[in-house]
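Asks: I'd like to go over a predicted model; first the sequence, then the structure.
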Amino acid sequence: MSDERAAGAANGDSQWPLWEVFAQPPKGAPHEHVGSVHAATAEQALENARDVYTRRGEAVSLWVVPSQAITASTPDDMGPFFDPGNDKPYRHPQFYKVPRGVKVF
Amino acid sequence: MSFDYLVRLADDRLVLGHRTSEWCGHGPILEEDIALANIALDLLGEATLFYKLAADAEGKGRNEDALAYLRDAIDFRNVLMVELPKGDFGFTIVRQLFFSVYSSLQMEALQRSTNADVAGVAAKALKESRYHVRHAAQWVVTLGDGTDESHARAQRAVDELWRYTGEMFLTDEVDEAAVAAGLGVDPSTLERAWRDQIDDVLARATLTTPSVTYMQRGGRQGRHTEHLGHLLSEMQILARSHPGASW
């Protein structure tokens, strides 16, 4: 490890900002989160995402978003956020009858 | 004659591809390591295709492996710039910019080759080299317009490499024959556009275009620096130690 890099690590400054990568599959599905990259600038993040996540024709479009810009739920939120949905089966559409005339469903 | 022209295209890309591959496992960060390996593989792929076309043109039963692995330094026709040691990251990136801009202009012109195979390879290589330009230009601006250290290293790389750039645009009888046959492009016609693009990137990077006009030459005639022999000995040893070996 060179001196500069050693110094950077000591400062806690050895990593560039993190970016979350979203790729759109070739079939036109919505962008999906595929992973993250480190980069100093947005353009560099886009190029790094291209090189890391689209080497085998996986995507037709890429988004990169600063990880800091994402507000996420925490594991502690799981109960209040998601459990109330579990005992409300009427929110699922199977209680509704399919109208006559709809053949493919 | 078309063999000589095509083998130059292939040699530039094989040698630079090998140099770039030397970063594999040594990139400044993981993402850049992968990016450089991708670029190295693009160049090796382009070299393979041009070697195939050269071997066909030669018609002596040699294939792309024979051309890559069983020729000596004196037979190689790459420009000197691509065989120089990889240096620091700034040196590698500045060289990548200089060559990629040249390559993209060259491939753009070669798409109009009357040889359909050459035009097809050029169309594929053009897309790759345009991405290489984008990658390298972004980095040269980042380094040049970065810290004092990165600026100094990038400027040193520009100064060291500049005298090797002129060779890319020299035209000799091999080029003239390729142009006359409708196969190739006259390298000297690419220089103006190359210089404009390079000046633009260097200006954005706050780097100074050197004013020296003396240019190194010799690679296109097989007169190389000492570095090519070392590169080839490492690159060729497996193929030469185990002739005809396969996976």
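Replies: That came in fine, so what should we check first? A quick note: this is a predicted structure, and the numbers were derived from the prediction, not measured.
Asks: can you pull the poorly scored residue ranges out of chain B?
Replies: Residue ranges of chain B with pLDDT under 70: B:1.
Asks: what is the residue nearest to residue A:42 when sequence neighbours are not counted paired to in the beta sheet?
Replies: Of all residues not flanking residue A:42 in the chain, residue A:64 sits nearest, at 6.4 Å (C-beta to C-beta, 6 or more residues apart in numbering or on different chains). The way it works is simple: take the backbone N, C-alpha and C, and place the C-beta from them, glycine included. Beta-bridge pairing for residue A:64 (DSSP bridges): residue A:21.
Asks: just give me the neighbour total for residue A:64.
Replies: 21 (other C-beta atoms under 10 Å in any protein chain shown).
Asks: quick check, it in contact with residue A:45.
Replies: Yes. Residue A:64 lies in contact with residue A:45 (C-beta atoms under 8 Å); the separation is 4.2 Å.
Asks: give me the common contacts of those two.
Replies: Counting by C-beta atoms under 8 Å, 6 or more residues apart in numbering or on different chains, the contacts common to residue A:64 and residue A:45 are A:19, A:21, A:37, A:39.
Asks: which pair in those residues has the greatest spatial separation?
Replies: The largest separation in the shared contacts of residue A:64 and residue A:45, counting by C-beta to C-beta, is between A:21 and A:39 at 10.2 Å.
Asks: list residues touching both of those two?
Replies: A:45, A:64.
Asks: can you give me the strands in chain A?
Replies: A:18-24, A:32-38, A:61-66 (DSSP state E).
Asks: residues from chain B in reach of chain A?
Replies: Applying C-beta under 8 Å from any C-beta of the partner chain, one finds that chain B approaches chain A through B:29-32, B:34-35, B:38, B:131, B:134-135, B:138-139, B:142, B:149.
Asks: give me the buried entries from these.
Replies: B:29, B:31-32, B:34-35, B:38, B:131, B:134-135, B:138-139, B:142 (16 or more other C-beta atoms under 10 Å in any protein chain shown).
Asks: now render those residues as CSV, adding distance to residue A:99 and secondary structure.
Replies: Output for those, formatted as CSV (distance: C-beta to C-beta, whole Å; DSSP: H, G, I helix; E, B strand; the rest coil):
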residue, distance to residue A:99, secondary structure
B:29, 57, coil
B:31, 52, helix
B:32, 57, helix
B:34, 52, helix
B:35, 54, helix
B:38, 53, helix
B:131, 51, helix
B:134, 53, helix
B:135, 55, helix
B:138, 55, helix
B:139, 59, helix
B:142, 59, helix
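Asks: report the buried residues of stretch B:78-90.
Replies: Residues of stretch B:78-90 classed as buried: B:78-84, B:86-87, B:89-90 (neighbour count, 16+ other C-beta under 10 Å).
Asks: what residue lies at the spatial centre of chain A?
Replies: Among the residues of chain A, the one closest to the centroid is residue A:33, at 2.6 Å (C-alpha atoms, centre = their mean).
Asks: thinking that one is in contact with residue A:21, fair?
Replies: Yes. Between residue A:33 and residue A:21 there is a contact at 7.3 Å, judged by C-beta under 8 Å.
Asks: residue ranges with poor pLDDT in chain A?
Replies: In chain A, residues with pLDDT under 70: A:1-14, A:104-105.
Asks: what parts of it come near chain B?
Replies: For chain A, the contact set with chain B under C-beta under 8 Å from any C-beta comprises A:4, A:16, A:37-41, A:43-44, A:47-48, A:50-52, A:55.
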